[in-house]
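Engineer: the amino acid sequence is not available; the structure is as follows:
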């Protein structure tokens, strides 16, 4: 039998096919989520003790979740290997453990009304969701995004199985939503304005149908009026799809629409911040957008909302809450010019990633 001859081009095609077949499938969405939540934990090898703990589970889903949780000693040993990144590593492992416990074990999240699994803890549906996540973690183990310790693959699979990918839902944020604002900021003289921005806080409605609540409309008007007075070059609209649970209406996008359609605010003057799920992160995330704009963080920001919301922001309890939930102050409230306004001086500490809140780190 005569073998067919393979020319140079054919040989190259065969080689390409072989190399392509050998390459694992790469999930771009998974890679974004891993990078956003746990950038320091990617490609970590599993140590022998952890691997033995996983192997002993023999594929049983609840056991695998418990085995994947990092023990304090394991976390500290890993952090000690990279002293310059030790705090980041500890914070990310704590966040990874939180995902495993909330979505895999049934621990109550910090805000159970809006976060956590949609399936009741202890129910067959919850157990089935965990089993599905284990299956997903197994089939994606060869993906470069989650290569290394099994806990990373499983934590991301638990979020994926529960459709909790809020951390990257709007990426790339500034290219998709704020490109015109960033272009405007490049040639801006910030000293011409009293405030670097007006932050309009989102207030969710009480139902799944209403896109923008009455209080949200109040905040839009307050921001539009102050913008018309020329006190700031930008309005930052801040708020995600939070209230009520499982709503599809994103507060920031609904406020952006109202500012443009109802008050003719130029689109390039509106900065969209669609991730914040709480008042603490409204101010933290507004600081992140100011940093992206190149705004000097030494300048004040005007925060507008309904009176009870501002009452909460200027109270000592809000300072305590920031420390408890974020571990730092996103900035300082310096004064209250009116019942509906607070003046905020942002702090660069807000740039720190916080995977303890996996929907908005």
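Structural biologist: Sure, I can see it. From a predicted model like this one, the values you see are computed outputs, not experimental measurements.
Engineer: which stretches of the protein have low pLDDT?
Structural biologist: 1-22 (pLDDT under 70).
Engineer: outline the domain layout of it.
Structural biologist: Following automatic domain parsing, the chain resolves into domains at 26-163, 172-351.
Engineer: tabulate those (CSV), appending distance to residue 361 and mean neighbour count.
Structural biologist: No exception for glycine: its C-beta is placed from N, CA and C like everyone else's. Compiled in CSV, the domains of the chain are given as follows (distance: least, C-beta to C-beta, whole Å; neighbours: other C-beta atoms under 10 Å):
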stretch, distance to residue 361, mean neighbour count
domain 26-163, 6, 17
domain 172-351, 9, 19
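Engineer: all helices of the stretch 101-250 of the chain, in order?
Structural biologist: All helices of the stretch 101-250 of the chain, identified by DSSP state H, counting those that start in this stretch, fall at 124-139, 150-161, 173-177, 179-186, 214-228.
Engineer: thinking again about what came up before, between the domains of the chain, which gets nearest to residue 358?
Structural biologist: domain 26-163 (5.3 Å; C-beta to C-beta).
Engineer: OK, contacts around residue 190?
Structural biologist: By C-beta atoms under 8 Å, 6 or more residues apart in numbering, the contact list for residue 190 reads 196, 233, 295, 296, 299.
Engineer: and the third one, how close does it get to residue 185?
Structural biologist: Computed with C-beta to C-beta, to the nearest Å, the distance linking residue 295 and residue 185 is 7 Å.
Engineer: what's the answer for the first one, then?
Structural biologist: When distance is defined by C-beta to C-beta, residue 196 is 10 Å away from residue 185.
Engineer: thinking again about what came up before, export the contacts of residue 190 to a markdown table and tack on distance to residue 314?
Structural biologist: Shown next, in a markdown table, are the contacts of residue 190 (distance: C-beta to C-beta, whole Å):
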| residue | distance to residue 314 |
| --- | --- |
| 196 | 20 |
| 233 | 25 |
| 295 | 22 |
| 296 | 23 |
| 299 | 19 |
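Engineer: quick one: which of these is nearest residue 149?
Structural biologist: Distances from residue 149 to these, taken by C-beta to C-beta, are shortest for residue 295, at 38.6 Å.
Engineer: coming back round to it: from the contacts of residue 190, which two are the most distant?
Structural biologist: Considering C-beta to C-beta, no two members of these lie farther apart than 233 and 296, which are separated by 12.3 Å.
Engineer: pull up the overlap in contacts between the two.
Structural biologist: In contact with both residue 233 and residue 296: 190, 196, using C-beta under 8 Å, 6+ apart.
Engineer: ok, now which ones touch the closest residue to residue 215 other than its chain neighbours?
Structural biologist: The shortest distance from residue 215 to any non-neighbouring residue, by C-beta to C-beta, 6 or more residues apart in numbering, is to residue 203 (4.0 Å). Contacts for residue 203 (C-beta under 8 Å, 6+ apart) come out as 213, 215, 216, 218, 219, 239, 243, 251, 305, 306, 309.
Engineer: got these as JSON lines, with distance to residue 99 columns?
Structural biologist: Conversion of those to JSON lines gives the following (distance: C-beta to C-beta, whole Å):
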{"residue": "213", "distance to residue 99": "30"}
{"residue": "215", "distance to residue 99": "32"}
{"residue": "216", "distance to residue 99": "30"}
{"residue": "218", "distance to residue 99": "36"}
{"residue": "219", "distance to residue 99": "32"}
{"residue": "239", "distance to residue 99": "23"}
{"residue": "243", "distance to residue 99": "22"}
{"residue": "251", "distance to residue 99": "24"}
{"residue": "305", "distance to residue 99": "31"}
{"residue": "306", "distance to residue 99": "33"}
{"residue": "309", "distance to residue 99": "30"}
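Engineer: same list (the helices of the stretch 101-250 of the chain) but as a markdown table, adding distance to residue 281.
Structural biologist: Formatted as a markdown table, those follow (distance: least, C-beta to C-beta, whole Å):
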| stretch | distance to residue 281 |
| --- | --- |
| helix 124-139 | 26 |
| helix 150-161 | 18 |
| helix 173-177 | 14 |
| helix 179-186 | 20 |
| helix 214-228 | 16 |
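Engineer: tell me what angle whichever helix or strand residue 313 is part of forms with helix 214-228.
Structural biologist: Assigned by DSSP states H and E, residue 313 belongs to helix 307-314. Helix 307-314 runs at 70 degrees relative to helix 214-228, counting by axes from the mean of the first three to the mean of the last three C-alpha atoms, to 10 degrees.
Engineer: residues contacting helix 307-314, please?
Structural biologist: Helix 307-314 has contacts (C-beta under 8 Å, 6+ apart) with 201, 203, 215, 279, 283, 303, 305, 318, 333, 336, 339-342.
Engineer: same question for stretch 150-157.
Structural biologist: Contact partners of stretch 150-157, identified using C-beta under 8 Å, 6+ apart, comprise 30, 33-34, 37-38, 41-42, 44, 46, 50, 54, 64-65, 68-70, 96, 99-100, 104, 133-134, 136-137, 140-141, 143, 145-146.
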